[in-house]
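**Q** Next comes the sequence, and after it the predicted model I'd like to discuss.
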Amino acid sequence: MSESEFPTQKCDICSKMRPLAKHLFELSQYCLYLGGSASYQSGDGSREVFPSTIGSWLELASQLKNVEINAWEFSGSDGFYCGTVADYYDRNSKHYSSYSTDLTRFIFICNALEETYRFVVGRYETPQFNKKFRLDKKLRGVSLKAAYLVNQCSKMYVPDQLVHICSNFEKAFSYYRKVFPASLSGMNNVNSTDLNYGLHLLRNLRNYIAHGVFPLMEHPENIGSSYLADGFLEYLLKSGSRTAALYIQMFLGQFFNGFNSWEYDQVDGACGEEFDRFLDNCSPTYCRSLHFIQDFEFEDWIGYREDGL
Ligand SMILES: [Zn+2]
């Protein structure tokens, strides 16, 4: 595997990004302060979709530390008298715990992304939108409709460095598909330069996982093979998680309709420098850039930490 498919060093752009967990937490809080809801119509009827639900999945993903797999469980006693077998169980415990953690986090984020589709898809269904874009053939499925909406997105809503971050995911996904050939669905007329290209790839990766065809790779030492470096699948899932969060940011920016939460109103009605600073920063502009390290953060916007509390 070449460096470019699995970079071991961060570039100038990536090194300025917040760690994934912190990025997800900031986005989760943005969803909370956003509030409001949108009607979602499906074959099962109509329901309200809340940004707070999107935020809850993201917050859970941000707080996920470790899914523990214990390969010693049900292993019998061979590991207690044979060092090689004991090493095997130890290695598998570590390897599959790491894999399961990144896989679980990715699934939580996909749940947030799918709820985001349902939050925005009403726009696709409006007669004005259909008329404007002359939709001769109606797309089926909420994810395809949402992907179509991405391509109508103005540059002002595109998260900072989306193209660079997406290209990291695209390279990893392309390498993955070389090793595990699988067809891509719903990609007719989609170009690699389209704004929604990364979202289409994410949708496919999510489907591989949902349909159970995403591989459970053994540790390379167990199978004596090095065609896929240890940690590659985790890297792919992390990279996909980051990209999914950026598309959520883009949708929330594109469909911004003001802050409508009780939490935001509480800050809006309060007096003090910290509240003014919050109101200056909590905006669609922050949503576009919250994956980068910067002074403002929801995590400690009141400044308790600076006060040593
Ligand atoms: Zn980079």
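**A** Alright, I've got the coordinates.
**Q** for Phe292, what are its contacts?
**A** Residues in contact with Phe292, defined by Cβ atoms under 8 Å, 6 or more residues apart in numbering, are Lys16, Met17, Arg18, Asp160, Gln161. Heads up, the C-betas are built off the backbone N, CA and C, glycines and all.
**Q** okay, the residues you listed in CSV with secondary structure and pLDDT next?
**A** Output for these, formatted as CSV (DSSP: H, G, I helix; E, B strand; the rest coil; pLDDT from 0 to 100):
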residue, secondary structure, pLDDT
Lys16, helix, 96
Met17, strand, 97
Arg18, coil, 97
Asp160, coil, 96
Gln161, coil, 96
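**Q** Which PyMOL command selects the buried ones in those residues?
**A** Selecting only the buried entries of the contacts of Phe292 in PyMOL, with 16 or more other Cβ atoms under 10 Å as the criterion:
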select buried, resi 17+18+160+161
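**Q** Return the closest of the contacts of Phe292 with respect to Tyr286.
**A** Asp160 (10.8 Å; Cβ to Cβ).
**Q** Excluding covalently adjacent residues, which one is nearest to the closest one?
**A** Counting by Cβ to Cβ, 6 or more residues apart in numbering, Asp160 lies nearest to Ser289, which is 4.8 Å off, once chain neighbours are set aside.
**Q** and the one you found, how far is that from the ion?
**A** Using Cβ to the ion, to the nearest Å, one obtains 16 Å as the distance from Ser289 to the ion.
**Q** since we're on that residue, how many residues are nearby?
**A** 14 (other Cβ atoms under 10 Å).
**Q** The ion contacts on this structure?
**A** Within the chain, the positions near the ion by Cβ under 5 Å from the ion are Cys11, Ile13, Cys14.
**Q** export those residues to a markdown table and tack on secondary structure?
**A** Shown next, in a markdown table, are these (DSSP: H, G, I helix; E, B strand; the rest coil):
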| residue | secondary structure |
| --- | --- |
| Cys11 | coil |
| Ile13 | coil |
| Cys14 | helix |
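**Q** how about the helices in the stretch 201-309 of the chain?
**A** Taking DSSP state H, counting those that start in this stretch to define them, one finds helices in the stretch 201-309 of the chain at 220-223, 232-254, 262-268, 273-281, 284-289.
**Q** Now render those helices as TSV, adding distance to Tyr30 and mean pLDDT.
**A** Below are the helices of the stretch 201-309 of the chain laid out as TSV (distance: least, Cβ to Cβ, whole Å; pLDDT from 0 to 100):
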stretch	distance to Tyr30	mean pLDDT
helix 220-223	39	80
helix 232-254	7	96
helix 262-268	10	95
helix 273-281	11	94
helix 284-289	5	96
